[in-house]
Every structure is written in structure tokens, then in C-alpha cells.
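> pasting the structure only:
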């Protein structure tokens, strides 16, 4: 796949949730909006054209993720986007983290530990109920911590609490409880092979193997 082929094939053609699934399955991954300095990275807004303004499309990210047809995440530079389930194990293998290792190395703050523990014990749990369990310090930074834990594939949303104003919110659970098969697939693949796979895949989007993208957008340190 050349860097511009996805635009030629998909721009202005995604009109339904089924189209979006086919688009993401074809390109493997995408973000909501363009990534600065990486204009050839696929975006589902570009693929949908003006259709993203429709009310119906708002819930695609929730429903398709909850149905396990696409994986909604902020792994690329913190930008919301989708992963295909075919590519998901490789991204987990390169960007996922194990809580026990984070605790051992002191990489998990007290507040993050509190939030993780609440989800571990009470999940799946809606965001309002989750925040009621937290101390004031953890509640104050809960949204930021949730995004960080989600990007590390420790937690994930599994649904929403409602579709009306005042009821909408994410339901959170542990990734290991929700999609254990994807974690096993990531373990079998291994981080080295997964990194090679991802570099080869993203090269089709104009991101060379030695691009700073991997450190800046994905946070790789190795």
C-alpha cells in the first residue's frame, strides 16, 4: 500500500459503521485527526469526509469498540483513533505494560494505583461510580490517569453508561479481563517481532523505520 492509496480509495466513501470497519481493517490503524508532521497517516475524518458531523457517527467509536469489531484508543500521540484487531496484538506487544512491572519499578503513581485497583475490584464500572470510590487527589487527575492507563493497554472502555446528555460516560474494565486473547497473541508475537511488523506497516504511510515518530508519537524508548 502506497502512502496515498488509502485516500484515493476511501476519502469521501465511508458513510456507515460497516464502511468504517472495512476502512480500518484495510489500513490497520488510523487517528481521528491528522498527526502533525505525518500527513500520510490515515485519519477516519478524512475517510468520512463531511459525514463525520452526523449525530449517528458519534457513537460509532463506542459501539464498534464495545462490539470488539474495532479497538478505539489514544495510543498514537494521545490522538483518538482505531486499531484493527489484526494489528492490535502488535501494538499491545510494543506499547502495552504490565501493572506488576510498573509497581516494581515505581512507574505507577499512588493515584494511578488507586484508580487501577478500583477498576480491578469493581469493574466493569461507569466513570461516575468510579470517581465516587476515589480520594480527592485521585479524582482530580482521574481523566489524565485513565488515558495513560488506556494507552498502555492496562484498562479499556467496554461500553457507555447512556446516550443522552447527562448520562453519557465510559464504562471501564481491565484489558486482561476484556480481551485476554489479544494479550496472549501479543505475548506470542513478542515485542521485537511486533516492532518490526509495525515499522513495516507504517512505512506504507510515509513513516521510515528510523523516524522520530516512534519516540514522539508512540513513546518508544528502545
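Perfect, thanks for sending it. Predicted, not measured: the structure shown is a model, and the values here were computed from it.
> Show me where the chain dips below the pLDDT cut-off.
Scanning the chain for pLDDT under 70 picks out 1-6, 8-12, 50-55, 222.
> again, 80 this time
1-13, 49-57, 221-222 (pLDDT under 80).
> what residue is smack in the middle of this structure?
Of all residues in the chain, the one closest to the mean position by C-alpha atoms, centre = their mean is residue 73, 1.4 Å from it.
> How about that one: what's its closest non-neighbour residue?
residue 83 (6.1 Å; C-beta to C-beta, 6 or more residues apart in numbering). For every residue, glycine as well, the C-beta is placed using N, CA and C.
> Which strand residues bridge that neighbour?
With DSSP bridges as the criterion, residue 83 is bridged to residue 29, residue 71.
> Enumerate every residue touching it.
When contacts are counted by C-beta atoms under 8 Å, 6 or more residues apart in numbering, residue 83 touches 24, 28-29, 70-71, 73, 75, 91.
> re earlier: ramachandran angles for the residue nearest to the centre of the chain?
Here is the backbone geometry of residue 73 (degrees, to the nearest 10): phi -160, psi 170.
> where's it relative to residue 108, distance?
19 Å (C-beta to C-beta, to the nearest Å).
> before we move on, the earlier item: pretty sure the residue nearest to the centre of the chain sits against residue 81.
Yes - counting by C-beta atoms under 8 Å, residue 73 touches residue 81, with 6.7 Å between them.
> in what helix or strand does residue 33 lie?
Using DSSP states H and E, residue 33 falls within no helix or strand.
> can I assume it is in contact with residue 45?
Yes - Residue 33 is within contact range of residue 45, at 5.9 Å (criterion: C-beta under 8 Å).
> Between these two, which has more neighbouring residues?
A count of neighbours by other C-beta atoms under 10 Å puts residue 45 above the other of residue 33 and residue 45, at 17 against 12.
> how close does the more buried one sit to residue 82?
Taking C-beta to C-beta as the measure, residue 45 falls 12 Å from residue 82.
> Kindly report the same for residue 122.
28 Å.
> does residue 150 sit in a helix, a strand or a coil?
What DSSP: H, G, I helix; E, B strand; the rest coil gives for residue 150 is helix.
> How many residues are close by it?
For residue 150, the count of nearby residues is 19 (other C-beta under 10 Å).
> Residues touching stretch 187-199, excluding its own?
Contact partners of stretch 187-199, identified using C-beta under 8 Å, 6+ apart, comprise 87, 89-94, 186, 209, 214, 220.
> surely residue 125 meets residue 116?
No - using C-beta under 8 Å, residue 125 makes no contact with residue 116, being 12.0 Å away.
> How about the contacts made by residue 7?
The contact partners of residue 7, taken as C-beta under 8 Å, 6+ apart, are residue 46.
> Please give the element, helix or strand, for it.
helix 5-10.
> For the helix or strand that that helix is followed by, what is the distance to the chain centroid?
Next in sequence after helix 5-10, counting helices and strands by DSSP H and E, comes helix 17-27. Centroid displacement of helix 17-27 relative to its chain, using C-alpha atoms, centre = their mean, to the nearest Å, is 16 Å.
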